[in-house]
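**Q** Requesting a structural model of the entry that follows:
(2 chains)
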Amino acid sequence: MNDTQSTLAGRWSRRALVRFAGASGLALAVAMAALPAHALEGKVTYWGGLIFSEAANKLLVDTITAWGQANGVETEVVMINQNETVQKVSAAVASNTMPDALDLNLDLLLLLSRQGVFTEVSDVYDAVGAANGGWFPSVAATSDLISAESGRYGVPFGVTGNLILRRNDLLSEKGFAEAPATWQELADQAVAVTASPVFGLGLALSNVGDGNVQIAVMQSFGGRVADDAGENAAIKSEGTRAYLQWLKDAWDKGAFPPGVATWDGAGDNQAYLSGQAAFIANTGSVGIAAKTQDPELYDATLYSPLPRGPVENVNPINMQFRAIPATSQNPEAAKALIEHLYNPEFLNAYYQAAIYGPVLNANKDFAAFDGSDPIKSGLLGLTENGTAPAWPDVYNAAYADIYTNYVIPKMAQRVVIDGWDFDRAMDEAQASAQAIYDKY
Amino acid sequence: MAAITTGTDAAATRAQPRGGSIRRNLLVSRILTYIALGGAVLLILFPVYWMLITSLKLPREIYRMPSLWPQVFTLENYRILLQDKEFLLPIRNSMIVAFAVTIISVLISSFAAYSMVRFRYRFKGLIGRLILFAYLTPTSLLFIPLSILMAQLGLGNSLHGLILVYLCFSLPLSTWLLQGYFRGVPRELEEQGMIDGLTRFGALLRIVLPLSAPGIAAVSIFTFTHAWNELLLALVLTTSESVRTAPLALNYLITSDVLPWGPLMAGATLSSVPLMILYFIAQRFMVQGMTAGSVKG
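**A** Alright, predicted model coming up:
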């Protein structure tokens, strides 16, 4: 024992030392609690996803601006066209000019979070979930799909997915009062109402996002993109053959409008809004457009989930997330802002204007989902009953590549446009898909 | 005599149907020419007409009753565009960018082209080819490097940055085109001017540039049109609403998979007006300039 130690031992007994330490800790804790929470400061730049609803866009901008003013944070909200998010974000990542927070979809979040572009937001995800009765199971499952071992990189705020829109006026004339429960029923109803200038099946078969609805149809017939491990292509199967048979039959009966194999992303919607299609698959934007532009068509339109097939009921959901780039200069303020955007007052108003299904259990009681709006009811149904992206396949980078290369729509085109037999079309799709899986 | 008279009459009689045939052929040829020209005019003007007429229709009519003449004329699409979307701001931004790029481009490329045509120095040919290669590089390959460069220069999200980037594309083309026009100006004219006391710069300003006016007009129109219509770089390099150009603002009208055809066509109509005026004023120079450049180059 040296001199110093002996001096301390002489002045302080062990008990006194423990008491002092305990009292000091308590005093510090009280003092910390009495202090205001860590004040936010600086600037937050937010890239919001521009959506079809002007009211929803304005509400988001106003809410963020008001939050900034209330918290002494300078905010700049820029609404980014979602059709161009990939180009915009790619350039911003490369040039290190990402905002402090942004909205983006599942696919882009998956891709960029694997590259370390975003900061971890598990704390926000957990806090928001706990404060709002937890996340819907489908939302949590989808969110889990893209959370890496190191945590979550995005907080979901909206569910999207395809609903079937149908012309009730035309269908009821033919005696079809109920929504088609199966793809076969849908094809039968479509064939029954097909009479120039109306075609029954306004489902895109072209190389656009809408064309990928055919993946869900194929899966519901038992077809698969890949094996259970998500490592090897498994397109060539009896399930896929059954799907192609369904497609060929409907095509041969003239239910598809001419040009479906070359439609752009708006082709099916234009066909419906111009009164030339009795069924389309759409996220709800067509219904919103019809509500203001063509009330007669809006009244004649009914909404239902994607029908089931002979094997599966596949209703894939997609989600929108809020994320914070790792380059953010103000991540704490960005986190506080994102958390603020889950306050019930804002979300209640936002869901009424936007075209998103809810993500939190507490959101179910919002006015938007009280059943008075058929589109919102459909989106709530999608949240409650929808299947995870890619299911029954595995959602991974290779699947996303298959998606963006339109392998399944191209297979459909081979059958209906080029007249290939099923085996040849499946062989080509299988080889193309396997080449993609081999890359990963 | 009689025989001669008879012969002349016979010739006249033979000539009459031939003359009539020629006139008839000329008439048919003229009618066919007008039909062909009318067809060409129709082919070119129909999209413009459709754009204009669609901008004056209600949404339901655009989708449900496509017709050559609106059942109900409306200016609602223009109201949405100008009032709700504040489209005059992007038009102003496009004007600033396009005029700045055109003026700077013509100025710099005139000097560059003149030096390449009149002076002798090492690697002149190589530099000329490199300039052309720079122009031929696809924009889609360059937008990310350019966005990095602009960010490092602190010029991202600004009209200045956009002007600088557009110059990267317009300068090579302008220089290359102007070389052709400058080569067509006889060197002797400049030499005579310099004997009379003009400096080299004076000769360029007072002799070469005036004689190349059609070429400069053509280059100006090309440069202006490119800067006015460009979308990809504007999309990547600018973010704030206050610095959006007209094509970008039009692109931002499309917010989902349902296209707002009415406001889109109204925006396309308004965006076309400055270009139409420019082409109308300069069409004489345009044709003359292009022809001169192609022959002399």
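**Q** How about residues contacting stretch B:188-205?
**A** B:Ser110, B:Phe111, B:Tyr114, B:Arg118, B:Arg206, B:Ile207, B:Val208, B:Leu211 (C-beta atoms under 8 Å, 6 or more residues apart in numbering or on different chains). For glycine as for every other residue, the C-beta is placed from the backbone atoms N, C-alpha and C.
**Q** do stretch A:385-394 as well
**A** Contacts for stretch A:385-394 (C-beta under 8 Å, 6+ apart): A:106, A:138, A:141-142, A:145, A:159, A:161, A:219, A:224-226, A:228-230, A:305, A:312-318, A:357, A:395, A:399.
**Q** Now do that stretch: distance to the chain's middle.
**A** 12 Å (C-alpha atoms, centre = their mean, to the nearest Å).
**Q** Output the below-cut-off pLDDT ranges for the stretch 51-200 of chain A.
**A** A:148-149 (pLDDT under 70).
**Q** make it 80
**A** A:83, A:146, A:148-150 (pLDDT under 80).
**Q** Write out the residues of it neighbouring chain B.
**A** Selection of the stretch 51-200 of chain A residues close to chain B by C-beta under 8 Å from any C-beta of the partner chain yields A:51-52, A:54, A:57, A:76, A:78-84, A:87-88, A:90-92, A:94-97.
**Q** can I assume B:Phe285 sits in a strand?
**A** No: counting by DSSP: H, G, I helix; E, B strand; the rest coil, B:Phe285 is not part of a strand but helix.
**Q** The contacts of stretch A:385-394 in helices, which ones?
**A** A:Leu106, A:Ser138, A:Ala141, A:Thr142, A:Leu145, A:Gln219, A:Tyr399 (DSSP state H).
**Q** ranges for the strands of the stretch 251-400 of chain A?
**A** A:277-282, A:301-304, A:317-323 (DSSP state E, counting those that start in this stretch).
**Q** partners of the second one in the sheet?
**A** Put plainly, it is strand A:301-304. Counting by DSSP bridges, the strands paired with strand A:301-304 are strand A:163-167 (antiparallel).
**Q** Distance from the chain centre to the partner strand, please.
**A** 20 Å.
**Q** for stretch B:110-119, same thing?
**A** Using C-alpha atoms, centre = their mean, the offset of stretch B:110-119 from its chain centre is 24 Å.
**Q** Just the mean pLDDT for that stretch, thanks.
**A** Stretch B:110-119 shows a mean pLDDT of 92.
**Q** which parts of it are buried?
**A** Neighbour-count burial for stretch B:110-119, counted by 16 or more other C-beta atoms under 10 Å in any protein chain shown, picks out B:Ser110, B:Ala112, B:Ala113, B:Tyr114, B:Ser115, B:Met116, B:Val117, B:Arg118.
**Q** list the contacts for the last one?
**A** The neighbourhood of B:Arg118, defined by C-beta under 8 Å, 6+ apart, consists of B:Phe182, B:Arg187, B:Glu190.
**Q** As a check, name the ranges of all helices in the stretch 1-150 of chain A.
**A** A:3-11, A:14-34, A:54-71, A:85-95, A:106-113, A:122-131, A:137-145 (DSSP state H, counting those that start in this stretch).
**Q** count of neighbours near the residue of the stretch 251-400 of chain A found nearest chain B?
**A** Nearest to chain B, among the residues of the stretch 251-400 of chain A, is A:Gln293, at 3.7 Å (C-beta to the nearest C-beta). For A:Gln293, the neighbour count with other C-beta atoms under 10 Å in any protein chain shown is 20.
**Q** List the contacts of the residue nearest to it when sequence neighbours are not counted.
**A** With C-beta to C-beta, 6 or more residues apart in numbering or on different chains as the criterion, A:Gln293 has its nearest non-adjacent residue at 3.7 Å, and that residue is B:Pro59. By C-beta under 8 Å, 6+ apart, the contact set of B:Pro59 is A:Ala289, A:Thr292, A:Gln293, A:Asp294, B:Pro260, B:Trp261, B:Gly262.
**Q** could you measure the residue positioned nearest the centre of chain A against A:Leu244, distance?
**A** With distances taken as C-alpha atoms, centre = their mean, chain A has A:Met319 as the residue nearest its mean C-alpha position (1.7 Å). Separation of A:Met319 from A:Leu244 (C-beta to C-beta, to the nearest Å) stands at 30 Å.
**Q** same deal with A:Asn361?
**A** Between A:Asn361 and A:Leu244 the distance is 40 Å, computed by C-beta to C-beta.
**Q** More neighbours: the two, which one.
**A** A:Leu244 (24 against 15).
**Q** ok, A:Met426 touching A:Gly239?
**A** No: between A:Met426 and A:Gly239 no contact is recorded; they are 10.6 Å apart, counting by C-beta atoms under 8 Å.
**Q** Map the structural domains onto the sequence of the chain.
**A** As the question left the chain open, I've gone with chain A. A:43-160+A:317-385, A:163-315+A:405-439 (automatic domain parsing).
**Q** Chain B, not that one
**A** B:2-54, B:76-296.
**Q** and among those domains, the most buried is which?
**A** Highest mean neighbour count among these (mean count of other C-beta atoms under 10 Å in any protein chain shown): domain B:76-296, with a mean of 18.
**Q** Tell me the gap between that one and the middle of its chain.
**A** The answer for domain B:76-296 is 10 Å, by C-alpha atoms, centre = their mean.
**Q** same question, stretch A:48-63
**A** 17 Å.
**Q** residue ranges of the strands in chain B, please?
**A** With DSSP state E as the definition, chain B shows no strands.
**Q** so where is it shaky, pLDDT-wise?
**A** For chain B, the ranges with pLDDT under 80 are B:1-19, B:132-135, B:283-297.
**Q** and it, which of its residues are near chain A?
**A** So chain B meets chain A at B:58-60, B:63-64, B:66, B:84, B:143-144, B:147-148, B:150-152, B:156-157, B:232, B:235-237, B:239-241, B:251-252, B:254-259 (C-beta under 8 Å from any C-beta).
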